[in-house]
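**Student:** kindly return the folded structure for what I paste below:
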Amino acid sequence: MTVRALFSWKWLLPTILVIAGMVLLVRLGFWQLDRLEQKHSFNTMMAERWRSEPFDLNAQTLPADLAALEYRRVQAQGAFDYARQILISNQVLQGGASGFMVVTPLVLDDNRAVLVSRGWIPADMGEAEQLAQLTEAAGAPLLGLARQSQGVRDAPPSTPVATPQAQWYRIDIPAIQGQMPYQLEPGYLEMLPEEGRASNAFPMRSEPLALDTGNHLGYAIQWFTFAAVLGFGYSMLVRQRTRQAAGLIKPAATAAPMPQSNEPILAGDQTRPVHER
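**Tutor:** Got it, this is the predicted structure:
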């Protein structure tokens, strides 16, 4: 009876809206499950690349397509060119502090170099005097993660700039190439924290990504639960209204009011209720 009522003319439009809402909620649940599977695949890839031997940038160059190498550890040794380092603006540290990412070219052999993201600094350290104090140990080897150039998504590679810029919004290597006297590698390195280095030392290095699965499974269960509650609650509402319309459910009887007496209370009368005294 309830199923027939759901698709009657009276309930047709609400039923369609509820079904559409349930479909949307279920799709959101499967979307979260898909995100969970993607996260599992990403974590597996990250773990495999982390266990791989570091890529030696002094012995070979980065491939033009970094898809198979991104997030792999890369070791390199060279000389930092602080005179040509740049700042990536609008970089917000976890907690809300705004500042810059310091990116410095590391000059290698054969007139080539790789951009190295050395870490975050607060906005008030972006002047030349403060930046001059943020140097690395000369000639020390470094270890970083290979990262792809941050060009505009789904757009052709940028053209080299004609005028040098001290600040950029992203590490767009083809564009930055225009202000460098050496050939830049097609990717950049995200410098990893050195052993024994203070975590709050500037520039603040980026910690390796945590390989967790996030809350995707919990969100999926939440969306599926919402869909079930919506469908069950709506069917119960239609069932109740239909049974009421058919007279199968009688409205609850209201209690009759207690009669009030206007008779005077005699001196010896102790039988009247208290509220009538």
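**Student:** isn't there a strand covering Leu145?
**Tutor:** Yes - counting by DSSP: H, G, I helix; E, B strand; the rest coil, Leu145 is located in a strand.
**Student:** now do the strands in this structure.
**Tutor:** 55-56, 73-76, 79-80, 86-92, 98-107, 112-122, 142-148, 167-168, 183-184, 187-191 (DSSP state E).
**Student:** for Ala20, which of those is the nearest?
**Tutor:** Using C-beta to C-beta as the measure, strand 86-92 is the one of the strands of the chain that comes nearest Ala20, at 38.4 Å. C-beta: built from backbone N, CA, C; applies to glycine.
**Student:** now do that closest one: distance to the chain's middle.
**Tutor:** 20 Å (C-alpha atoms, centre = their mean, to the nearest Å).
**Student:** just want the angle from that strand to strand 112-122.
**Tutor:** 40 degrees (axes from the mean of the first three to the mean of the last three C-alpha atoms, to 10 degrees).
**Student:** pLDDT at Pro257, what is it?
**Tutor:** Pro257 carries a pLDDT value of 61.
**Student:** typo on my end, it should be Ala253
**Tutor:** pLDDT, read off for Ala253, is 56.
**Student:** ok so, going back, could the strands of the chain go into CSV alongside mean neighbour count, mean pLDDT and distance to Pro14?
**Tutor:** Compiled in CSV, those are given as follows (neighbours: other C-beta atoms under 10 Å; pLDDT from 0 to 100; distance: least, C-beta to C-beta, whole Å):
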stretch, mean neighbour count, mean pLDDT, distance to Pro14
strand 55-56, 14, 97, 60
strand 73-76, 20, 96, 58
strand 79-80, 16, 96, 67
strand 86-92, 17, 95, 45
strand 98-107, 22, 97, 49
strand 112-122, 22, 97, 53
strand 142-148, 20, 96, 50
strand 167-168, 14, 96, 54
strand 183-184, 16, 97, 62
strand 187-191, 24, 96, 53
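**Student:** could I get these as CSV with distance to Ser235?
**Tutor:** Below are the strands of the chain laid out as CSV (distance: least, C-beta to C-beta, whole Å):
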stretch, distance to Ser235
strand 55-56, 59
strand 73-76, 56
strand 79-80, 68
strand 86-92, 47
strand 98-107, 52
strand 112-122, 54
strand 142-148, 51
strand 167-168, 58
strand 183-184, 64
strand 187-191, 54
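**Student:** so which of the ones you listed comes closest to Met46?
**Tutor:** Of the strands of the chain, nearest to Met46 by C-beta to C-beta is strand 142-148, at 9.8 Å.
**Student:** in its sheet, what does that closest one sit against?
**Tutor:** Paired with strand 142-148 in the same sheet, following DSSP bridges, are strand 73-76 (antiparallel), strand 187-191 (antiparallel).
**Student:** can you give me the buried ones in the helix ranked longest in the chain?
**Tutor:** Secondary structure of the chain per DSSP state H: the longest helix is helix 12-51. By 16 or more other C-beta atoms under 10 Å, the buried positions in helix 12-51 come out as 15, 18, 22, 25-26, 28-29, 32-33, 35-36, 39, 46, 49.
**Student:** which members of those are the farthest-apart pair?
**Tutor:** Comparing all pairs in these by C-beta to C-beta, the longest separation belongs to Thr15 and Arg49, at 51.1 Å.
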